[in-house]
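Enquirer: no FASTA, just this:
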C-alpha cells in the first residue's frame, strides 16, 4: 500500500502543543529527549563499571537514591516516544528499515555524519541542559529566557553551518 | 487543579505511567509531522521545506497560550511548573554545538528517536553517536564545569526581562510567528527542490 502523506504541519503543531500542555498540567514539566539518552548512558556506565560511576562527580548523583537511573520521568517518556512513533508509522505505512540520504552521497558518508551529528548534538544538549524539546520548545512554553536563547542559538548555528555541509543534503 | 501529580501527591508509579503516555503522544505527533525524515528536517536550513518552523512555533504557542488560559481560570498553578534555569554561557555555547550537530546528523534527539521508531538506520547511528556524546560530556565534565556554571541568571523569564505581562508577550509571539509562517511559505516557493520534496 502507498505511504500516506504527513499531517498538515500546523495541525501537527497543535497536536504537539497539546501534548506539551498535558505534560505541564499533569506533571508540572515539559517534554524532553536528550535527557532520556543521558539516563540510558548513565545506566549503561553503572552496569559496566559501578565503581567509576560512584566516584565520578557527574554520574554519582544519579545513583544516590539506590534506584535504577531508568526509573525516571524522562526515561519512561522516551520509551513511550518509540511506541508512539511506531504506532504513527504503522498507521501511515511508513515502517521500513532504510538509510535516508541524498542520492549524491554514499551510505557510509551519511552514517559517518549521522554519528558525528549525534555526538555533537547530545554533547551540546548536556551542556545547555536540554535540546530542541526540553530546552527550546518546553522552555519557550514557560517563557524561560533559556528556552528562547537555546532556540536562537541552535537554529542560528545550524544556518551558519548549513553552507559548509550543503553537499550532504542538496 | 494542576500540576496534578505535584498537588495531589499521587504515587510515583502514576507519574511514570503519565510520562510513558505523554511519550506516546509526543512520538506520535513528531512522526505524523514528518520529523522522522532527516531530509525533511534539513529542508529548514536550505529553504525547500519549512515544516520544522511551522510545527515548532505552532506547538510553542498552543502550549504557551493554553497554559496561560488554564492559569487564568485557576486550573493550573504556573508557579509549580518547571522553568528552565538560564546559565548564559552554557546555553549559548551548547546551542551552537547543537546547531552544528543538527546539520551534520539531520536530526535532533527527539526527531532521531521518532525516526528510529519507524526503522531509519541513519537515526539509529545518530542516537548511538548521541550516547557517545553524553558519555564524552560526563567524562569531560570536570574540565568544563567552571565555564558551564558561569553567568548563572536563575529561572529567568522573558516577559519580566522585557517588562511586559505574559499575555502581551504571548500576543507578540503569535504575531511574530504569523510573520515567520508567511516568510516560510515564500521561502518554500523560492528555494523549492522538487527532486527532494517529491521523494519524501
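Expert: Everything's here; your move. These numbers come from a predicted model, not from an experiment.
Enquirer: Output the lowest mean pLDDT helix or strand found in chain A.
Expert: Of all helical and strand segments in chain A, the minimum by mean pLDDT, DSSP states H and E falls on helix A:50-55, at a mean of 90.
Enquirer: Determine how far that helix lies from the middle of the whole chain.
Expert: Taking C-alpha atoms, centre = their mean, to the nearest Å, one finds the center of helix A:50-55 at 26 Å from the center of the full chain.
Enquirer: Go through the helix or strand that it is followed by and flag the buried ones.
Expert: Proceeding C-terminally, helix A:50-55 gives way to helix A:73-91 as the next helix or strand, assigned by DSSP states H and E. For helix A:73-91, the neighbour count (16 or more other C-beta atoms under 10 Å in any protein chain shown) marks A:73-89 as buried. Yep, even glycine has a C-beta here, placed from its N, CA and C like the rest.
Enquirer: what about the following helix or strand past helix A:73-91, distance to the chain center?
Expert: The element immediately downstream of helix A:73-91 (helix or strand, assigned by DSSP H and E) is helix A:107-127. The chain centroid and the centroid of helix A:107-127 are separated by 12 Å under C-alpha atoms, centre = their mean.
Enquirer: Tell me the buried residues in the helix or strand just after helix A:107-127?
Expert: For helix A:107-127, the succeeding helix or strand toward the C-terminus, using DSSP H and E, is helix A:138-141. Neighbour-count burial for helix A:138-141, with 16+ other C-beta under 10 Å as criterion, is recorded at A:138, A:139, A:140, A:141.
Enquirer: got the angle for the helix or strand following helix A:138-141 vs helix A:107-127?
Expert: Using DSSP H and E, the helix or strand that directly follows helix A:138-141 along the chain is helix A:145-164. Using axes from the mean of the first three to the mean of the last three C-alpha atoms, to 10 degrees, one finds that helix A:145-164 and helix A:107-127 are set 160 degrees apart in direction.
Enquirer: is whichever helix or strand comes after helix A:145-164 anywhere near chain B?
Expert: On the C-terminal side of helix A:145-164, the nearest following helix or strand under DSSP H and E is helix A:166-169. Yes - applying C-beta under 8 Å from any C-beta of the partner chain, one finds helix A:166-169 touching chain B at A:166, A:168, A:169.
Enquirer: For PyMOL, write the select line for the buried members of those.
Expert: With 16+ other C-beta under 10 Å as the burial test, the buried ones among the residues of helix A:166-169 next to chain B are selected in PyMOL as follows:
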select buried, chain A and resi 168+169
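Enquirer: Reformat the residues of helix A:166-169 next to chain B as CSV; add distance to residue B:196 and pLDDT.
Expert: CSV is the format used below for the residues of helix A:166-169 next to chain B (distance: C-beta to C-beta, whole Å; pLDDT from 0 to 100):
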residue, distance to residue B:196, pLDDT
A:166, 12, 96
A:168, 12, 96
A:169, 8, 96
